[in-house]
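Peer 1: A structural model of the following input is requested.
(one chain, ligands or ions: 1)
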Amino acid sequence: MRGLMFNYLLEYIESRHGYGVVDAIIEESELDNDGSYADGGMYKDADFIKLIATTSETLKIPTIQFLESFGKQTFSPLYKKFMTIYDHDVYKQNTISSAFDFIVMLNTIHYKEVTKLYPDSIFPHFDIINRNDSTLEVIYRSKRHLPFLAKGLLEGCIAYFDEVLIVEIQNDSKEKNTHFIIRKERA
Ligand code: HEM
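Peer 2: Numbers count the residues shown, from 1 in each chain. You can find the predicted model right below:
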């Protein structure tokens, strides 16, 4: 996983629980390094997972809840960080004025734009299987399998566009791919 994701994770914990807690979590996680990450570096996915597991144990917060809330808070800073490198001509051709507009372009945004900065990135895939005015169905695929981080980021995206939408996982979250339904109202 890219170093910037580790940095967002550690900053998120520090902003809520202070540096002492972050330090203890790093120590307890027995990572490959001392917990310092260069934004552009690539680090072991296993260390990211260890940090999440230790945080959940230390703070007594279920992993699912922690990942969702971390994802939700991280969407906006992540998007703002990369906005400056976006190809604005692509943007003009593809008006993004809602969370649905943004989400359907995730593969494009991830691959075309972020890859300019980090060519060796390994991104999740978001396949759109259905879209109408009130519902969007998306399949998340990633060998890292972090569906609750994806759910939190989707919720952060919805909040960014100041919308009220419900994000539900339709299948068993342990399955390889995750089927999200994002809708205006609960069915
Ligand atoms: C609804 C919005 C988004 C969702 C659901 C989402 C989902 C995810 C997830 C779940 C991961 C963890 C890795 C994995 O699952 O394989 C990830 C990684 C990443 N995302 Fe996103 N993301 C969103 C928006 C963005 C945006 C706006 C950017 C930047 C423009 C971005 C850049 C990245 C980067 C740089 C990584 C790390 C990739 C690597 O390790 O090489 N994401 N994303």
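
Peer 1: how about the helices of this protein, start to end?
Peer 2: 3-17, 19-29, 45-59, 63-83, 88-93, 99-104, 106-108, 115-117, 147-160 (DSSP state H).

Peer 1: tell me which of those sits most buried.
Peer 2: Stretch with highest mean neighbour count among the helices of the chain: helix 147-160 (a mean of 22; mean count of other C-beta atoms under 10 Å). Using the backbone N, CA and C atoms, a C-beta is placed for each residue, glycine as well.

Peer 1: tell me the confidence at Phe82?
Peer 2: You'll see Phe82 listed with a pLDDT of 82.

Peer 1: ok, it touching Val114?
Peer 2: Yes. Phe82 lies in contact with Val114 (C-beta atoms under 8 Å); the separation is 5.9 Å.

Peer 1: least confident of the helices of the chain, on average?
Peer 2: Across those, the lowest-scoring stretch is helix 88-93, with a mean of 64.

Peer 1: quick one: which of the helices of the chain is nearest Ala38?
Peer 2: helix 3-17 (4.9 Å; C-beta to C-beta).

Peer 1: what distance separates the closest one from the middle of the whole chain?
Peer 2: Per C-alpha atoms, centre = their mean, to the nearest Å, the displacement of helix 3-17 from the mean C-alpha position of its chain is 13 Å.

Peer 1: that helix and the ligand in contact?
Peer 2: Yes. Counting by C-beta under 6 Å from any ligand atom, the ligand has neighbours in helix 3-17: Met5.

Peer 1: now for that helix, which elements pack on it?
Peer 2: Helices and strands touching helix 3-17, by 3 or more C-beta pairs under 8 Å, 6 or more residues apart in numbering; DSSP states H and E, are helix 19-29, helix 45-59, helix 63-83.

Peer 1: take those helices and write them to TSV, including distance to the ligand.
Peer 2: Formatted as TSV, those follow (distance: least, C-beta to the nearest ligand atom, whole Å):
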stretch	distance to the ligand
helix 19-29	18
helix 45-59	8
helix 63-83	3
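
Peer 1: let's have those helices in CSV, adding distance to Asn107.
Peer 2: As requested, those are arranged in CSV below (distance: least, C-beta to C-beta, whole Å):
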stretch, distance to Asn107
helix 19-29, 32
helix 45-59, 20
helix 63-83, 15
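
Peer 1: which one of these lies closest to Lys143?
Peer 2: Among these, the nearest to Lys143 by C-beta to C-beta is helix 45-59 (8.3 Å).

Peer 1: I am finished for the moment; much appreciated.
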